[in-house]
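A.B. asks: Below are the sequence and a predicted model; questions follow.
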Amino acid sequence: MAEQNKLEKVVSLAKRRGFIFPGSEIYGGIGGFYDFGPLGTELKFNIKQAWWKDMVQMRRNVVGLNAAIIMNPEVWKASGHVSGFSDPMVECKKCHQRFRADQIGDKCPNCGAKDFSDVRQFNLMFKTNAGPVEDTASVAYLRPETAGGIFVNFKNVLDTMRVRVPFGIAQIGKAFRNEVNPKDYIFRTREFEQMELEYFVKPGDDDKEYELWVDERFNWYGKIGLRNIRKFVQPKEELAHYSKGTTDIEYEFPFGWKEIEGIANRTDFDLKAHAAASGQELAYLDPDTNEKYVPYVIEPSAGVDRIALALLCDAYHENEDEERVVLKLHPRLAPYKAAVFPLLKNKPELVAKADTVYVELKKHFNVAWDERGNIGKRYFSQDEIGTPYCITVDFDTLQDDTVTVRDRDSMKQERMSISELRAYIENSLQ
Ligand code: ATP
(Lines give C-alpha, C1' and ligand atoms only; values in the text may rest on other atoms or scores of the structure.)
Protein backbone atom coordinates (compact mmCIF):
# COMPACT_ATOMS: atom_id res chain seq x y z
CA MET A 1 0.00 0.00 0.00
CA ALA A 2 1.63 3.28 -1.09
CA GLU A 3 1.99 5.57 1.92
CA GLN A 4 -0.08 8.49 0.62
CA ASN A 5 -2.68 6.00 -0.41
CA LYS A 6 -2.65 4.70 3.14
CA LEU A 7 -3.42 8.14 4.54
CA GLU A 8 -6.34 8.49 2.12
CA LYS A 9 -7.65 5.13 3.27
CA VAL A 10 -7.37 6.09 6.93
CA VAL A 11 -9.15 9.40 6.26
CA SER A 12 -11.91 7.61 4.40
CA LEU A 13 -12.35 4.95 7.11
CA ALA A 14 -12.34 7.63 9.82
CA LYS A 15 -15.13 9.48 8.03
CA ARG A 16 -17.15 6.42 7.03
CA ARG A 17 -17.11 4.82 10.47
CA GLY A 18 -17.62 7.92 12.60
CA PHE A 19 -14.13 8.63 13.93
CA ILE A 20 -13.36 12.03 12.43
CA PHE A 21 -15.43 14.55 10.45
CA PRO A 22 -14.34 17.84 8.86
CA GLY A 23 -15.34 20.69 11.23
CA SER A 24 -18.67 22.43 10.47
CA GLU A 25 -19.02 20.23 7.40
CA ILE A 26 -22.55 21.23 6.35
CA TYR A 27 -21.31 24.82 6.02
CA GLY A 28 -18.40 23.82 3.83
CA GLY A 29 -15.95 23.23 6.68
CA ILE A 30 -13.38 25.53 8.26
CA GLY A 31 -9.65 25.16 7.72
CA GLY A 32 -7.73 23.65 10.62
CA PHE A 33 -10.66 22.36 12.67
CA TYR A 34 -12.06 18.83 12.89
CA ASP A 35 -14.90 17.21 14.81
CA PHE A 36 -14.52 13.82 16.43
CA GLY A 37 -17.44 11.47 15.86
CA PRO A 38 -18.74 8.83 18.28
CA LEU A 39 -15.83 6.41 17.75
CA GLY A 40 -13.16 9.10 17.54
CA THR A 41 -14.43 10.48 20.82
CA GLU A 42 -14.02 7.04 22.43
CA LEU A 43 -10.53 6.65 20.95
CA LYS A 44 -9.40 10.06 22.26
CA PHE A 45 -11.03 9.38 25.61
CA ASN A 46 -9.12 6.10 25.87
CA ILE A 47 -5.80 7.78 24.97
CA LYS A 48 -6.38 10.44 27.63
CA GLN A 49 -7.49 7.89 30.18
CA ALA A 50 -4.41 5.71 29.57
CA TRP A 51 -2.15 8.76 29.93
CA TRP A 52 -3.92 9.98 33.09
CA LYS A 53 -3.81 6.56 34.68
CA ASP A 54 -0.11 6.04 33.92
CA MET A 55 1.09 9.59 34.47
CA VAL A 56 -1.05 10.66 37.45
CA GLN A 57 -3.01 7.95 39.22
CA MET A 58 -0.31 5.27 39.20
CA ARG A 59 2.32 7.65 40.60
CA ARG A 60 2.83 8.78 44.15
CA ASN A 61 4.12 12.24 43.33
CA VAL A 62 2.04 13.56 40.43
CA VAL A 63 -1.23 15.45 40.84
CA GLY A 64 -3.71 16.73 38.27
CA LEU A 65 -5.02 20.17 37.39
CA ASN A 66 -7.75 21.64 35.22
CA ALA A 67 -7.08 25.32 34.63
CA ALA A 68 -9.22 27.75 32.61
CA ILE A 69 -8.44 28.06 28.91
CA ILE A 70 -8.62 31.84 29.07
CA MET A 71 -6.17 33.29 31.56
CA ASN A 72 -5.03 36.75 32.53
CA PRO A 73 -3.18 38.00 29.41
CA GLU A 74 -0.19 38.87 31.59
CA VAL A 75 0.47 35.09 31.77
CA TRP A 76 1.22 35.00 28.05
CA LYS A 77 3.26 38.18 28.15
CA ALA A 78 5.47 36.75 30.90
CA SER A 79 5.88 33.41 29.11
CA GLY A 80 7.03 35.20 25.96
CA HIS A 81 4.10 34.03 23.80
CA VAL A 82 2.59 37.45 23.08
CA SER A 83 5.84 38.84 21.75
CA GLY A 84 7.56 35.76 20.41
CA PHE A 85 5.22 32.86 19.60
CA SER A 86 5.31 33.20 15.85
CA ASP A 87 6.15 31.34 12.68
CA PRO A 88 7.87 32.80 9.62
CA MET A 89 5.31 33.40 6.87
CA VAL A 90 5.48 34.23 3.17
CA GLU A 91 2.73 35.11 0.71
CA CYS A 92 2.67 33.92 -2.90
CA LYS A 93 2.37 37.10 -4.95
CA LYS A 94 0.42 35.30 -7.68
CA CYS A 95 -2.32 33.38 -5.82
CA HIS A 96 -2.02 35.21 -2.47
CA GLN A 97 -1.92 32.02 -0.43
CA ARG A 98 0.20 32.19 2.69
CA PHE A 99 2.67 29.52 3.81
CA ARG A 100 5.13 28.70 6.58
CA ALA A 101 8.41 29.93 5.09
CA ASP A 102 10.33 27.06 6.68
CA GLN A 103 8.02 24.40 5.22
CA ILE A 104 8.03 25.18 1.49
CA GLY A 105 10.63 24.97 -1.25
CA ASP A 106 11.13 27.62 -3.92
CA LYS A 107 7.77 27.00 -5.64
CA CYS A 108 4.27 27.87 -4.41
CA PRO A 109 2.60 24.53 -3.45
CA ASN A 110 -0.72 25.97 -4.66
CA CYS A 111 0.01 27.55 -8.07
CA GLY A 112 3.65 26.75 -8.79
CA ALA A 113 4.75 30.41 -9.04
CA LYS A 114 8.17 31.34 -7.70
CA ASP A 115 7.36 34.86 -6.55
CA PHE A 116 7.07 35.23 -2.79
CA SER A 117 6.76 38.24 -0.52
CA ASP A 118 9.43 38.89 2.10
CA VAL A 119 9.29 36.65 5.17
CA ARG A 120 7.45 38.15 8.11
CA GLN A 121 6.68 36.80 11.56
CA PHE A 122 3.10 35.72 12.16
CA ASN A 123 1.91 35.40 15.78
CA LEU A 124 0.00 32.18 16.44
CA MET A 125 -2.00 33.39 19.44
CA PHE A 126 -5.80 33.46 19.04
CA LYS A 127 -7.07 36.77 20.36
CA THR A 128 -10.49 37.47 21.83
CA ASN A 129 -12.13 39.91 24.22
CA ALA A 130 -13.34 39.02 27.70
CA GLY A 131 -16.44 40.98 28.68
CA PRO A 132 -18.79 43.29 26.80
CA VAL A 133 -16.31 45.98 25.79
CA GLU A 134 -13.98 45.39 22.87
CA ASP A 135 -10.99 47.49 23.78
CA THR A 136 -7.35 46.85 24.51
CA ALA A 137 -8.08 46.41 28.21
CA SER A 138 -10.36 43.43 27.50
CA VAL A 139 -8.00 41.58 25.13
CA ALA A 140 -7.53 37.95 26.14
CA TYR A 141 -6.00 34.91 24.45
CA LEU A 142 -6.98 31.30 24.01
CA ARG A 143 -4.12 29.33 25.55
CA PRO A 144 -1.53 28.06 23.05
CA GLU A 145 -0.44 25.31 25.47
CA THR A 146 -1.76 23.95 28.74
CA ALA A 147 1.53 24.45 30.62
CA GLY A 148 0.80 28.10 31.51
CA GLY A 149 -2.06 27.05 33.78
CA ILE A 150 0.28 24.74 35.66
CA PHE A 151 2.98 27.33 36.31
CA VAL A 152 0.55 29.94 37.65
CA ASN A 153 -0.93 27.34 40.02
CA PHE A 154 2.45 26.10 41.26
CA LYS A 155 2.05 27.89 44.59
CA ASN A 156 -1.60 26.82 45.02
CA VAL A 157 -0.63 23.18 44.58
CA LEU A 158 2.39 23.50 46.90
CA ASP A 159 0.19 25.07 49.58
CA THR A 160 -2.63 22.55 49.37
CA MET A 161 -1.20 19.16 48.44
CA ARG A 162 1.81 18.50 50.69
CA VAL A 163 3.89 17.66 47.64
CA ARG A 164 7.67 17.46 47.88
CA VAL A 165 10.23 17.96 45.13
CA PRO A 166 10.48 16.01 42.89
CA PHE A 167 6.79 16.19 42.03
CA GLY A 168 4.65 16.76 38.97
CA ILE A 169 1.48 18.58 37.97
CA ALA A 170 -0.35 17.14 34.97
CA GLN A 171 -3.05 18.61 32.79
CA ILE A 172 -5.05 17.54 29.75
CA GLY A 173 -6.94 20.10 27.73
CA LYS A 174 -7.54 22.07 24.59
CA ALA A 175 -4.93 24.39 23.13
CA PHE A 176 -5.28 26.80 20.21
CA ARG A 177 -2.76 28.02 17.67
CA ASN A 178 -3.59 30.07 14.63
CA GLU A 179 -1.33 27.94 12.44
CA VAL A 180 -0.40 29.55 9.10
CA ASN A 181 -0.91 26.27 7.24
CA PRO A 182 -2.98 23.66 9.00
CA LYS A 183 -2.19 20.46 7.12
CA ASP A 184 -1.73 16.72 7.05
CA TYR A 185 -5.28 16.02 8.24
CA ILE A 186 -5.48 16.20 12.06
CA PHE A 187 -1.69 16.43 12.43
CA ARG A 188 -1.56 20.20 12.36
CA THR A 189 -4.80 21.90 13.34
CA ARG A 190 -5.74 25.20 14.94
CA GLU A 191 -7.56 23.60 17.87
CA PHE A 192 -6.13 20.47 19.49
CA GLU A 193 -5.70 18.70 22.79
CA GLN A 194 -2.52 18.43 24.79
CA MET A 195 -1.47 16.18 27.64
CA GLU A 196 1.29 17.91 29.58
CA LEU A 197 3.26 17.17 32.70
CA GLU A 198 5.44 19.72 34.46
CA TYR A 199 7.78 17.74 36.68
CA PHE A 200 9.59 19.93 39.23
CA VAL A 201 13.05 18.80 40.27
CA LYS A 202 16.00 20.10 42.23
CA PRO A 203 18.49 22.00 40.05
CA GLY A 204 21.37 19.62 39.47
CA ASP A 205 19.03 16.61 39.27
CA ASP A 206 17.53 17.93 36.04
CA ASP A 207 19.79 16.17 33.52
CA LYS A 208 19.19 12.77 35.09
CA GLU A 209 15.43 13.34 35.43
CA TYR A 210 15.24 14.54 31.83
CA GLU A 211 16.86 11.33 30.57
CA LEU A 212 14.52 9.25 32.74
CA TRP A 213 11.45 11.00 31.35
CA VAL A 214 12.60 10.62 27.75
CA ASP A 215 12.85 6.84 28.28
CA GLU A 216 9.66 6.67 30.30
CA ARG A 217 7.66 8.46 27.62
CA PHE A 218 9.23 6.52 24.76
CA ASN A 219 8.38 3.23 26.47
CA TRP A 220 4.82 4.36 27.14
CA TYR A 221 4.07 4.31 23.43
CA GLY A 222 5.18 0.69 23.29
CA LYS A 223 2.76 -0.03 26.12
CA ILE A 224 -0.17 1.35 24.16
CA GLY A 225 0.89 -0.63 21.10
CA LEU A 226 2.33 2.12 18.89
CA ARG A 227 5.21 0.94 16.71
CA ASN A 228 7.39 2.87 14.22
CA ILE A 229 8.53 5.53 16.65
CA ARG A 230 11.97 7.01 17.24
CA LYS A 231 13.69 9.61 19.39
CA PHE A 232 14.99 12.77 17.81
CA VAL A 233 17.37 14.83 19.92
CA GLN A 234 17.05 18.47 18.92
CA PRO A 235 20.41 20.00 18.00
CA LYS A 236 21.61 22.61 20.52
CA GLU A 237 21.35 25.46 17.99
CA GLU A 238 17.66 24.73 17.34
CA LEU A 239 16.54 24.64 20.97
CA ALA A 240 13.85 27.03 22.20
CA HIS A 241 15.30 29.89 24.28
CA TYR A 242 14.09 28.33 27.57
CA SER A 243 15.31 24.80 26.87
CA LYS A 244 18.49 23.13 28.04
CA GLY A 245 17.63 20.00 26.06
CA THR A 246 14.67 18.70 24.03
CA THR A 247 13.97 15.26 22.63
CA ASP A 248 11.04 14.67 20.31
CA ILE A 249 9.27 11.37 20.00
CA GLU A 250 8.46 10.94 16.34
CA TYR A 251 6.15 8.58 14.51
CA GLU A 252 6.61 7.55 10.90
CA PHE A 253 3.41 9.00 9.39
CA PRO A 254 2.55 8.35 5.73
CA PHE A 255 3.85 11.93 5.18
CA GLY A 256 7.16 11.30 6.99
CA TRP A 257 8.70 11.20 10.46
CA LYS A 258 6.96 13.82 12.61
CA GLU A 259 6.76 14.83 16.26
CA ILE A 260 3.97 13.48 18.43
CA GLU A 261 5.52 14.51 21.76
CA GLY A 262 8.36 16.71 22.96
CA ILE A 263 10.24 16.26 26.24
CA ALA A 264 12.07 19.41 27.31
CA ASN A 265 14.28 20.49 30.17
CA ARG A 266 12.74 23.98 30.62
CA THR A 267 15.08 24.85 33.51
CA ASP A 268 13.68 27.45 35.93
CA PHE A 269 12.68 29.76 33.06
CA ASP A 270 8.92 29.66 33.56
CA LEU A 271 8.72 29.90 37.35
CA LYS A 272 11.24 32.75 37.35
CA ALA A 273 9.45 34.60 34.56
CA HIS A 274 6.06 34.32 36.29
CA ALA A 275 7.54 35.25 39.67
CA ALA A 276 9.12 38.37 38.18
CA ALA A 277 5.97 39.41 36.30
CA SER A 278 3.47 38.66 39.09
CA GLY A 279 5.58 39.81 42.02
CA GLN A 280 4.80 36.51 43.81
CA GLU A 281 7.47 34.22 45.13
CA LEU A 282 7.44 30.92 43.21
CA ALA A 283 10.02 28.89 45.07
CA TYR A 284 10.26 25.69 47.07
CA LEU A 285 11.42 25.38 50.65
CA ASP A 286 12.97 22.00 51.34
CA PRO A 287 11.51 20.95 54.72
CA ASP A 288 14.52 18.74 55.55
CA THR A 289 17.37 21.11 54.71
CA ASN A 290 15.55 24.47 54.93
CA GLU A 291 17.09 25.26 51.59
CA LYS A 292 14.98 27.49 49.34
CA TYR A 293 15.27 27.27 45.57
CA VAL A 294 13.37 27.64 42.31
CA PRO A 295 12.90 24.12 40.91
CA TYR A 296 13.86 23.16 37.39
CA VAL A 297 11.12 21.60 35.31
CA ILE A 298 11.06 18.66 32.93
CA GLU A 299 8.13 18.81 30.54
CA PRO A 300 6.77 15.89 28.53
CA SER A 301 4.20 17.49 26.20
CA ALA A 302 2.08 15.28 23.95
CA GLY A 303 -0.75 15.92 21.48
CA VAL A 304 -3.84 13.73 21.75
CA ASP A 305 -4.88 14.31 18.14
CA ARG A 306 -1.44 13.47 16.76
CA ILE A 307 -1.34 10.30 18.85
CA ALA A 308 -4.83 9.38 17.61
CA LEU A 309 -3.69 9.81 14.00
CA ALA A 310 -0.49 7.84 14.60
CA LEU A 311 -2.51 5.02 16.17
CA LEU A 312 -5.02 4.95 13.31
CA CYS A 313 -2.22 4.83 10.69
CA ASP A 314 -0.29 2.19 12.63
CA ALA A 315 -3.30 0.01 13.30
CA TYR A 316 -4.65 0.08 9.74
CA HIS A 317 -4.22 -3.30 8.04
CA GLU A 318 -5.66 -4.63 4.83
CA ASN A 319 -5.97 -8.29 4.10
CA GLU A 320 -6.24 -8.36 0.34
CA ASP A 321 -7.30 -12.02 0.00
CA GLU A 322 -10.36 -11.55 2.14
CA GLU A 323 -10.80 -7.87 1.31
CA ARG A 324 -10.81 -7.34 5.04
CA VAL A 325 -9.76 -4.13 6.77
CA VAL A 326 -8.61 -4.58 10.36
CA LEU A 327 -7.80 -1.82 12.80
CA LYS A 328 -5.33 -3.54 15.10
CA LEU A 329 -5.65 -1.12 18.00
CA HIS A 330 -4.47 -2.16 21.44
CA PRO A 331 -7.61 -3.31 23.30
CA ARG A 332 -7.01 -0.56 25.86
CA LEU A 333 -7.55 2.03 23.12
CA ALA A 334 -10.19 0.34 20.97
CA PRO A 335 -13.51 2.28 21.03
CA TYR A 336 -15.39 -0.94 21.82
CA LYS A 337 -13.77 -3.73 23.82
CA ALA A 338 -16.26 -6.30 22.56
CA ALA A 339 -19.36 -6.69 20.41
CA VAL A 340 -22.26 -8.95 21.32
CA PHE A 341 -24.38 -10.69 18.67
CA PRO A 342 -27.45 -12.89 18.86
CA LEU A 343 -26.87 -15.57 16.20
CA LEU A 344 -30.27 -14.86 14.66
CA LYS A 345 -32.22 -11.65 14.89
CA ASN A 346 -35.64 -13.30 14.55
CA LYS A 347 -35.31 -15.67 17.53
CA PRO A 348 -36.54 -13.73 20.57
CA GLU A 349 -34.97 -16.17 23.05
CA LEU A 350 -31.51 -15.65 21.46
CA VAL A 351 -31.95 -11.87 21.37
CA ALA A 352 -33.06 -11.81 25.01
CA LYS A 353 -30.14 -13.95 26.16
CA ALA A 354 -27.64 -11.88 24.14
CA ASP A 355 -29.12 -8.74 25.64
CA THR A 356 -28.38 -9.96 29.18
CA VAL A 357 -24.74 -10.57 28.18
CA TYR A 358 -24.59 -7.14 26.57
CA VAL A 359 -26.10 -5.32 29.56
CA GLU A 360 -23.84 -7.13 32.02
CA LEU A 361 -20.63 -6.42 30.06
CA LYS A 362 -21.63 -2.79 29.52
CA LYS A 363 -21.29 -2.23 33.27
CA HIS A 364 -17.56 -2.76 32.87
CA PHE A 365 -16.62 -1.92 29.26
CA ASN A 366 -17.84 -0.02 26.25
CA VAL A 367 -19.55 -2.79 24.26
CA ALA A 368 -21.24 -2.79 20.84
CA TRP A 369 -24.39 -4.60 19.76
CA ASP A 370 -25.09 -5.91 16.29
CA GLU A 371 -27.89 -8.12 15.00
CA ARG A 372 -27.91 -7.15 11.32
CA GLY A 373 -26.97 -9.42 8.42
CA ASN A 374 -24.91 -12.55 8.91
CA ILE A 375 -22.11 -13.20 11.39
CA GLY A 376 -19.42 -12.75 8.71
CA LYS A 377 -20.63 -9.24 7.92
CA ARG A 378 -20.74 -8.36 11.59
CA TYR A 379 -17.14 -9.54 12.06
CA PHE A 380 -16.12 -7.48 9.05
CA SER A 381 -17.80 -4.40 10.46
CA GLN A 382 -16.24 -4.77 13.93
CA ASP A 383 -12.75 -5.52 12.53
CA GLU A 384 -12.83 -2.23 10.66
CA ILE A 385 -13.33 -0.25 13.87
CA GLY A 386 -10.88 -2.31 15.91
CA THR A 387 -13.19 -4.23 18.26
CA PRO A 388 -10.94 -6.95 19.75
CA TYR A 389 -13.64 -9.53 20.55
CA CYS A 390 -16.94 -10.58 18.99
CA ILE A 391 -19.22 -12.64 21.22
CA THR A 392 -21.96 -14.72 19.65
CA VAL A 393 -24.92 -16.09 21.56
CA ASP A 394 -26.37 -19.21 19.88
CA PHE A 395 -28.73 -22.09 20.69
CA ASP A 396 -26.11 -23.88 22.82
CA THR A 397 -25.87 -20.77 24.98
CA LEU A 398 -29.48 -21.32 26.02
CA GLN A 399 -28.51 -24.80 27.27
CA ASP A 400 -25.09 -24.32 28.86
CA ASP A 401 -24.37 -20.59 29.19
CA THR A 402 -21.37 -20.73 26.86
CA VAL A 403 -20.69 -18.34 23.96
CA THR A 404 -18.32 -18.17 21.00
CA VAL A 405 -15.60 -15.54 21.33
CA ARG A 406 -13.84 -14.60 18.13
CA ASP A 407 -10.49 -12.81 18.24
CA ARG A 408 -10.00 -9.86 15.85
CA ASP A 409 -6.31 -10.50 15.08
CA SER A 410 -6.02 -14.30 15.01
CA MET A 411 -9.63 -14.76 13.84
CA LYS A 412 -9.67 -17.84 16.11
CA GLN A 413 -12.89 -18.80 17.82
CA GLU A 414 -13.09 -20.07 21.34
CA ARG A 415 -15.97 -21.39 23.37
CA MET A 416 -16.21 -20.06 26.89
CA SER A 417 -18.67 -19.61 29.66
CA ILE A 418 -20.46 -16.26 30.07
CA SER A 419 -19.08 -15.98 33.59
CA GLU A 420 -15.49 -15.98 32.21
CA LEU A 421 -16.03 -13.11 29.75
CA ARG A 422 -15.33 -10.20 32.04
CA ALA A 423 -11.95 -11.52 33.24
CA TYR A 424 -11.03 -12.54 29.70
CA ILE A 425 -11.61 -9.04 28.33
CA GLU A 426 -10.06 -7.36 31.36
CA ASN A 427 -6.91 -9.41 30.86
CA SER A 428 -6.45 -8.04 27.36
CA LEU A 429 -6.55 -4.46 28.62
CA GLN A 430 -3.29 -4.70 30.57
P1 ATP B 1 5.42 21.67 15.56
O2 ATP B 1 6.91 21.95 15.49
O3 ATP B 1 5.00 20.42 14.85
O4 ATP B 1 4.59 22.88 15.26
P5 ATP B 1 5.72 22.19 18.31
O6 ATP B 1 7.13 21.79 18.55
O7 ATP B 1 5.38 23.64 18.17
O8 ATP B 1 5.13 21.36 17.09
P9 ATP B 1 4.96 21.84 21.00
O10 ATP B 1 4.83 23.29 21.27
O11 ATP B 1 6.18 21.11 21.51
O12 ATP B 1 4.83 21.57 19.44
O13 ATP B 1 3.63 21.12 21.49
C14 ATP B 1 3.61 19.87 22.12
C15 ATP B 1 2.72 18.89 21.39
O16 ATP B 1 1.46 19.47 21.10
C17 ATP B 1 3.28 18.44 20.05
O18 ATP B 1 4.19 17.37 20.20
C19 ATP B 1 2.01 18.01 19.33
O20 ATP B 1 1.68 16.66 19.67
C21 ATP B 1 0.97 18.93 19.87
N22 ATP B 1 0.72 20.03 18.89
C23 ATP B 1 1.40 21.18 18.78
N24 ATP B 1 0.90 21.93 17.78
C25 ATP B 1 -0.13 21.22 17.24
C26 ATP B 1 -1.06 21.46 16.18
N27 ATP B 1 -1.05 22.59 15.49
N28 ATP B 1 -1.98 20.51 15.91
C29 ATP B 1 -2.02 19.36 16.62
N30 ATP B 1 -1.18 19.09 17.63
C31 ATP B 1 -0.24 19.99 17.95
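C.D. replies: Now that the structure is in, tell me what you want to look at. Residues are numbered from 1 along each chain as shown.
A.B. asks: Now do the contacts for the nearest residue to H330 once chain neighbours are set aside.
C.D. replies: Sequence neighbours aside, G225 is the residue nearest to H330 in space, at 3.3 Å (criterion: Cβ to Cβ, 6 or more residues apart in numbering). Every C-beta, even on glycine, is put in place using the N, C-alpha and C of the backbone. Residues near G225 by Cβ atoms under 8 Å, 6 or more residues apart in numbering: 311, 314-315, 328-330, 332-333.
A.B. asks: got the residues you listed as TSV, with neighbour count, secondary structure and distance to the ligand columns?
C.D. replies: Below are the contacts of G225 laid out as TSV (neighbours: other Cβ atoms under 10 Å; DSSP: H, G, I helix; E, B strand; the rest coil; distance: Cβ to the nearest ligand atom, whole Å):
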residue	neighbour count	secondary structure	distance to the ligand
L311	25	helix	13
D314	22	helix	15
A315	20	helix	18
K328	16	coil	22
L329	24	coil	19
H330	20	coil	19
R332	18	coil	20
L333	24	coil	17
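A.B. asks: Kindly report the domain assignment for the chain.
C.D. replies: 3-77+143-313, 336-428 (automatic domain parsing).
A.B. asks: Adding mean pLDDT as columns, could you present those domains in CSV?
C.D. replies: Converted to CSV, the domains of the chain look like this (pLDDT from 0 to 100):
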stretch, mean pLDDT
domain 3-77+143-313, 97
domain 336-428, 97
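A.B. asks: Show me the two of the contacts of G225 that sit farthest apart.
C.D. replies: In the contacts of G225, the most distant members under the criterion Cβ to Cβ are D314 and R332, with 14.2 Å between them.
A.B. asks: which one's the longest helix in the protein?
C.D. replies: Longest helix in the chain, counting residues (DSSP state H): helix 206-223.
A.B. asks: Could you see whether the ligand lies near it?
C.D. replies: No: residues of helix 206-223 are not located near the ligand by Cβ under 6 Å from any ligand atom, the shortest gap being 10.9 Å.
A.B. asks: outside of that helix, which residues touch it?
C.D. replies: 51, 54, 166, 199, 201, 229, 231, 244-245, 247, 249, 261, 263, 265, 267, 296, 298, 300, 302.
A.B. asks: Look up how far A67 lies from W76.
C.D. replies: In this structure, W76 lies at 13 Å from A67, with Cβ to Cβ, to the nearest Å as the measure.
A.B. asks: what residues do those two have in common as contacts?
C.D. replies: With contacts defined as Cβ under 8 Å, 6+ apart, the residues adjacent to both W76 and A67 are G148.
A.B. asks: Compute the number of surrounding residues for I425.
C.D. replies: For I425, the number of neighbouring residues by other Cβ atoms under 10 Å comes to 20.
A.B. asks: cool, and the one 4 residues further on?
C.D. replies: Other residues lying near L429 total 15 when counted by other Cβ under 10 Å.
A.B. asks: So it is in contact with R332, correct?
C.D. replies: Yes: in terms of Cβ atoms under 8 Å, L429 counts as a neighbour of R332; the distance is 5.0 Å.
A.B. asks: Can you name the helix or strand that whichever residue of the stretch 101-250 of the chain sits closest to the ligand falls in?
C.D. replies: Checking the stretch 101-250 of the chain residue by residue against the ligand with Cβ to the nearest ligand atom singles out F192 as nearest, at 3.6 Å. Under the criterion of DSSP states H and E, F192 resides in strand 191-201.
A.B. asks: mind listing what's buried in that strand?
C.D. replies: Within strand 191-201, the residues that count as buried by 16 or more other Cβ atoms under 10 Å are 191-201.
A.B. asks: quick one on the thing from earlier: mind listing what's buried in the longest helix of the chain?
C.D. replies: Judged by neighbour count using 16+ other Cβ under 10 Å, the buried positions of helix 206-223 are 206, 209-210, 213-214, 217-218, 220-221.
A.B. asks: Right, I'll call it a day here.
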